[in-house]
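Trainee: only geometry, no sequence info:
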């Protein structure tokens with residue numbers, strides 16, 4: 001059977017990584033860079049045509065020739081920023097509206113490509129997608145977009161391709177879901193998930209923290225957008241896990257706030273004690289000089305004028321040095337108070353930035369808007385002239401602090417007419433927030449995540465595979481960008497589930513380690529009459545090994561590491577511990593500067609780029625490797641023969 005595998009260039013491949021809230025997409029996999037496009041995963045249903053549109057569309061009456069709004073004609077206007085009537089086809093990782101999702105895929109494909117017949121697609125699939133979902137997607141893509149090949153890639157496998165660990169535990173914290181996938185030697189061995197759409201909206205992930213923060217700040221008139229922006233700011237962080245405290249975190253107290261810290265700083269410009277006055281009693285020191293005036297008569301009669309003057313100079317130098325040192329200490333204390341970390345401040349200031357949209361009348365010249373008033377390509381109006389280049393609108397705010405005024409330009413006197421134009425301006429407000437920025441870290445949600453990680457790894461059937469998954473835990477998904485969340489989860493796992501190897505010493509002092517393992521018959525029960533030679537080197541106690549190994553071989557015989565049952569062999573030793581003795585995060589790559597700066601929370605997209613190269617762009621392979629490459633994706637020849645069900649075998653779904 002002929003095949004089209006391996007005949008595309010890297011710039012022809014379309015990579016799409018859908019998410020519940022945002023979809024990452026890019027045309028071309030030649031450069032391993034962060035995604036070029038982040039598209040909101042939403043569609044808008046048109047009630048008249050019963051079809052889905054990518055943007056919110058509303059009707060507006062057309063303006064007359066002289067701007068008087070005459071006539072009964074209407075026009076459709078797209079509002080690219082509005083979410084009114086939005087339909088989110090993916091909720092909690094699951095496809096809940098197939099028609100809207102297929103329309104969204106068609107929108108992304110038409111947005112990024114210009115040809116339909118020569119653009120293979122790499123589509124990342126969520127673990128919650130069912131087989132009928134994958135088959136429906138394959139049928140729609142092949143019949144609608146005319147693509148030559150389609151590859152469905154499991155999101156955890158994509159993260160593994162990006163991070164290059166053969167054995168790892170991928171914790172994907174998304175918008176409304178948490179996926180925990182255990183991979184051992186490139187094979188998925190276990191999976192657990194949190195959050196799925198039900199009538200009660202049982203969700204998990206980043207949205208839980210946003211809702212918790214919104215409930216804490218509702219009395220301060222916080223909106224959802226304000227809570228979401230505050231959660232993404234450096235002010236919100238998850239404090240380290242503290243098992244001995246009621247809140248399980250060390251919250252800052254009154255002494256750790258800014259006001260208290262500044263009050264404790266000594267005053268730098270405080271007037272010093274007058275010269276000649278005792279610091280404790282306030283009495284005049286007769287031996288001291290007054291404002292540098294010396295008793296010349298006593299100096300002359302003493303006969304030691306040179307030594308006396310030298311002594312006075314040394315005393316003055318010491319006093320000046322001490323005074324300078326105190327001033328430096330005071331300045332350092334003041335600077336330290338200013339640089340107090342956010343985790344030790346009880347109150348901090350949140351800078352909220354809001355985009356305000358307005359429909360304004362713009363003067364029209366010769367039937368077209370003036371060049372200075374033309375809208376940008378994304379539908380937003382250019383910034384006003386008095387707005388600084390960095391986008392901060394504080395400079396454009398009037399002196400009275402009123403930020404609600406419009407920045408529309410005045411009408412020209414000689415204008416022949418006017419048109420309606422949408423303007424966007426940025427408004428900034430400073431809001432004081434307290435301990436709510438720490439208490440939003442819902443302890444119940446963190447415990448659910450840690451319990452899911454524990455159950456996912458402990459449910460692996462082969463016990464020897466668990467240790468590798470415990471030692472290589474990675475966190476992906478934009479929900480894990482929350483400051484301190486990953487560290488808190490790891491600290492919770494270590495505090496609750498880690499078994500220290502030192503606890504095994506309770507078994508080693510009872511019996512010599514060269515004794516046979518006791519069996520149920522009692523014939524090998526240890527007694528105190530053992531007179532055999534004691535081992536000269538430390539080894540594993542057979543009782544401890546019998547209690548912690550999965551396969552012991554012949555009863556009454558303990559197999560040494562590196563040997564098979566009853567005879568020596570070249571097999572390597574692997575840990576058989578049923579409980580974790582080591583819990584660590586996997587080290588991340590450092591050779592990709594842009595990804596190191598961006599963060600590896602979107603490692604699924606990086607892995608999709610690598611997998612697209614392997615599936616579509618490698619040439620001149622041998623017969624076996626070519627067949628393996630053909631099984632990675634479903635091309636049109638195989639689709640015509642196997643139908644949509646061919647995506648089950650010709651994919652990378654794990």
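Mentor: Right, received. Where do you want to start? Note that the structure is a prediction, hence the values are computed from the model and not measured. Numbering: from 1, shown residues only.

Trainee: quick check: which element contains residue 425?
Mentor: Per DSSP states H and E: residue 425 is located in strand 417-433.

Trainee: which other helices and strands contact the very next helix or strand once past that strand?
Mentor: Using DSSP H and E, the next helix or strand after strand 417-433 towards the C-terminus is helix 436-439. Packing contacts for helix 436-439, counted by 3 or more C-beta pairs under 8 Å, 6 or more residues apart in numbering; DSSP states H and E, involve helix 206-216. Using the backbone N, CA and C atoms, a C-beta is placed for each residue, glycine as well.

Trainee: what helices and strands are in contact with the helix it packs on?
Mentor: Under the contact rule (3+ C-beta pairs under 8 Å, 6+ apart), helix 206-216 is packed against helix 224-232, helix 436-439, helix 443-458.

Trainee: any low-confidence regions in the stretch 551-654 of the chain?
Mentor: 551-577 (pLDDT under 70).

Trainee: what segments of it are helices?
Mentor: In the stretch 551-654 of the chain, the helices defined using DSSP state H, counting those that start in this stretch lie at 593-598, 603-616, 623-630, 636-642.

Trainee: so which of those helices comes closest to residue 124?
Mentor: For these, the distance to residue 124 is smallest for helix 603-616, at 5.5 Å, taking C-beta to C-beta.

Trainee: what residues sit buried inside stretch 450-469?
Mentor: 450-454, 456-458, 460, 463-469 (16 or more other C-beta atoms under 10 Å).

Trainee: meant to ask about stretch 155-165, not that
Mentor: 155, 156, 157, 158, 159, 160, 161, 162, 163, 165.

Trainee: next, residue 327: secondary structure please.
Mentor: With DSSP: H, G, I helix; E, B strand; the rest coil as the basis, residue 327 sits in helix.

Trainee: give me the number of residues near it?
Mentor: Around residue 327 there are 14 other residues, counting by other C-beta atoms under 10 Å.

Trainee: what is the neighbour count of residue 78?
Mentor: Residues lying near residue 78 (other C-beta under 10 Å) number 13.

Trainee: could you pull up the residues touching the residue nearest to it when sequence neighbours are not counted?
Mentor: Nearest non-adjacent residue to residue 78, counting by C-beta to C-beta, 6 or more residues apart in numbering: residue 55, 4.4 Å away. Shown in contact with residue 55 (C-beta atoms under 8 Å, 6 or more residues apart in numbering): 44, 78, 79, 80, 82.

Trainee: partners of the strand holding residue 425 in the sheet?
Mentor: Partners of strand 417-433 in the sheet, by DSSP bridges, are strand 348-365 (antiparallel).

Trainee: could you give the mean pLDDT of the partner strand?
Mentor: In this model, strand 348-365 has an average pLDDT of 79.

Trainee: next, the buried residues of it.
Mentor: With burial defined by 16+ other C-beta under 10 Å, the residues of strand 348-365 counted as buried are 348, 350, 352, 360, 362, 363, 364.

Trainee: just to revisit the earlier point, residue 320: which of the helices and strands packed on helix 206-216 is closest?
Mentor: So among the helices and strands packed on helix 206-216, helix 436-439 is nearest, using C-beta to C-beta, at 45.8 Å.

Trainee: what sits up against the closest one?
Mentor: 212-213, 216-217, 230, 235-239, 247, 249, 251-252, 343, 348, 350.

Trainee: in ChimeraX, select just the buried ones from these.
Mentor: Buried members of the contacts of helix 436-439, defined by 16+ other C-beta under 10 Å, are picked up in ChimeraX with:
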select :212,213,216,217,230,235,236,237,238,239,249,251,252,343,348,350
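
Trainee: so where is the stretch 251-400 of the chain shaky, pLDDT-wise?
Mentor: 254-305, 332-338, 364-400.

Trainee: give me the neighbour count for the residue lying closest to residue 465 once chain neighbours are set aside.
Mentor: Residue nearest to residue 465 in three dimensions, not counting chain neighbours: residue 184, with 4.3 Å by C-beta to C-beta, 6+ apart. For residue 184, the number of neighbouring residues by other C-beta under 10 Å comes to 20.

Trainee: show me what contacts residue 184?
Mentor: Counted by C-beta under 8 Å, 6+ apart, residue 184 has contacts 166, 167, 460, 462, 465, 468, 469.

Trainee: from these, pick the one nearest residue 180.
Mentor: residue 469 (9.9 Å).

Trainee: a strand runs through the closest one, doesn't it?
Mentor: No - per three-state DSSP, residue 469 lies outside any strand segment and is helix.

Trainee: wait, doesn't it sit right on residue 457?
Mentor: Yes - under the criterion of C-beta atoms under 8 Å, residue 469 makes contact with residue 457 at 4.9 Å.

Trainee: between these two, which contacts overlap?
Mentor: Residues touching both residue 469 and residue 457 (C-beta under 8 Å, 6+ apart) are 169, 182, 190.

Trainee: just checking, which of the residues you listed belong to strands?
Mentor: 169, 182, 190 (DSSP state E).

Trainee: for the first one, give its distance to residue 87.
Mentor: To tie it back to what came earlier, the one meant is residue 169. To residue 87, residue 169 is 34 Å away according to C-beta to C-beta, to the nearest Å.

Trainee: how many residues are close by residue 226?
Mentor: If you count neighbours by other C-beta under 10 Å, residue 226 ends up with 19.

Trainee: grab the nearest non-local neighbour of it.
Mentor: Nearest non-adjacent residue to residue 226 (C-beta to C-beta, 6+ apart): residue 352, at 5.6 Å.

Trainee: what of residue 433?
Mentor: residue 350 (5.1 Å).

Trainee: doesn't residue 431 make contact with the one you found?
Mentor: Yes - Residue 350 is in contact with residue 431 according to C-beta under 8 Å; the separation is 4.8 Å.

Trainee: which residues touch the helix or strand containing residue 108?
Mentor: Taking DSSP H and E as the definition, one finds residue 108 inside helix 98-112. For helix 98-112, the external contacting residues (C-beta under 8 Å, 6+ apart) are 14, 16, 18, 23, 25-27, 37, 39, 41-43, 45, 51-52, 54, 87, 89-90, 95, 119, 121, 123, 133, 136-137, 140-141, 144-145.

Trainee: buried only: go through the residues you listed for me.
Mentor: Buried among these by 16+ other C-beta under 10 Å: 14, 16, 18, 23, 25-27, 39, 41-43, 45, 52, 54, 87, 89-90, 95, 119, 121, 123, 133, 136-137, 140-141, 145.

Trainee: what residue ranges in the stretch 51-200 of the chain score low on pLDDT?
Mentor: For the stretch 51-200 of the chain (pLDDT under 70), the answer is 63-72, 116, 196-200.

Trainee: helices of that one, start to end?
Mentor: Going by DSSP H, counting those that start in this stretch, the stretch 51-200 of the chain shows helices at 98-112, 131-140, 155-163.

Trainee: save those as CSV, and put in distance to residue 441 too.
Mentor: Formatted as CSV, these follow (distance: least, C-beta to C-beta, whole Å):
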stretch, distance to residue 441
helix 98-112, 32
helix 131-140, 34
helix 155-163, 24
